[in-house]
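# Model the following, please.
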Amino acid sequence: MLWFGWFGFNAGSALGANALAVSALTTTNTAAASAGLSWMFFDVLRGKKPSVLGFCIGAVVGLVAITPSAGFVGVPQSIFIGFIASIISNLAVYYKSKSSLDDTLDVFPCHGVGGIVGMILTGVFASNAVNAAATDGLLYGGFAFFLTQLKGLLIVTAYSFTVSFGIFKFINFVLPLRVSHEDELAGLDASQHNEKYTQGTLLVVTEDREEVVENV
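Predicted structure coming up:
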């Protein structure tokens, strides 16, 4: 459903049912498929087993990476964008797992790194032949446009980090974001939402009793 919905804002950005919308839809689909397969087979090369989960993660990375360039690159270029973004994000997930960074869902290694790679590669592969309103990228002699993409990346990264850091600090001042170690061990379902799963049954934990809400 996410993959299908992605067509809406990539192809829909053409603001009409036209050739550019078809091109954006096609590159979006191709990049996602390329990234999904690349992630899965790269896992195999690293000694892991191929998995549907790996394919799905890779596909999301491909969708993120192709978004900046969906209406500005051709299908062959979209294959490469999905491939390279998937490999880099896969490595980012691996090295993040070796660090102390707390990113349980690997949001930055997948969405963040995928978006960064996609933005840079837009500056490489964008083509005036695909979209008359586009500026040629580095591959076609557009060095100035490539530099513009890099500048944009630096500005967006600095802004996002600064504003997000400020928001998190404010929220943490009002209500601490980090739960205690004991709450983590108990599980956030139980410690924060008064819910827990026991023997296939969803229980709501109150101060004086446990109420069966739904059999699962």
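# which one is the residue positioned nearest the centre of the chain nearest to, not counting chain neighbours?
Compute the mean C-alpha point of the chain, and by C-alpha atoms, centre = their mean the closest residue is His111, 2.4 Å away. Nearest residue to His111, sequence neighbours excluded (C-beta to C-beta, 6 or more residues apart in numbering): Val64, at 5.4 Å. Where you see a C-beta, it was placed from the backbone N, CA and C, and this is true even at glycine.
# Is that neighbour part of a helix or strand, or is it coil?
helix (DSSP: H, G, I helix; E, B strand; the rest coil).
# Tally up the residues packed near it, please.
By other C-beta atoms under 10 Å, 24 other residues sit near Val64.
# shaky segments in the chain?
Along the chain, segments meeting pLDDT under 70 span 197-216.
# and the longest helix seen in it, which residues are buried?
With DSSP state H setting the assignment, residue counts place helix 143-174 as the longest helix in the chain. With burial defined by 16 or more other C-beta atoms under 10 Å, the residues of helix 143-174 counted as buried are 145-146, 149, 153.
# Next: stretch 2-12.
Within stretch 2-12, the residues scored as buried using 16+ other C-beta under 10 Å are 3, 6-7, 10-11.
# Quick one: distance of that stretch to the chain centre.
Centroid separation for stretch 2-12 versus its chain: 14 Å, with C-alpha atoms, centre = their mean, to the nearest Å.
# So what touches it?
For stretch 2-12, the external contacting residues (C-beta atoms under 8 Å, 6 or more residues apart in numbering) are 21-22, 24-25, 28-29, 32, 59-60, 63, 66-67, 70-71.
# Run a quick neighbour tally on the closest residue to Gly137 other than its chain neighbours.
Using C-beta to C-beta, 6+ apart and skipping residues adjacent in sequence, the residue nearest Gly137 is Ala126, 3.9 Å away. Neighbouring residues of Ala126 were enumerated by other C-beta under 10 Å; the total is 26.
# Over to Ala126: give its phi and psi.
When read as degrees, to the nearest 10, the backbone of Ala126 gives phi -60, psi 140.
# Same check on Gly137?
phi -90, psi -170.
# Please name the residues that touch it.
The neighbours of Gly137, taking C-beta under 8 Å, 6+ apart as the test, are 72, 122-127, 145-146.
# tell me which element Asn131 is part of?
Following DSSP states H and E, there is no helix or strand that holds Asn131.
# Outline the domain layout of this protein.
Following automatic domain parsing, one gets these domains for the chain: 2-174, 181-215.
# among those, which is the most enclosed?
Mean neighbours per residue, mean count of other C-beta atoms under 10 Å, is largest over these for domain 2-174, with a mean of 18.
# would you list every one of the helices in this structure?
Listed in chain order, the helices found in the chain under DSSP H are 2-11, 19-45, 52-66, 75-97, 107, 113-125, 143-174, 181-186, 188-193.
# could you list every residue that touches the closest residue to Cys56 other than its chain neighbours?
Spatial nearest neighbour of Cys56, chain neighbours left out: Gly36 (6.9 Å); criterion: C-beta to C-beta, 6+ apart. With contact set as C-beta under 8 Å, 6+ apart, Gly36 has these partners: 55-56, 58-59, 62, 82, 86.
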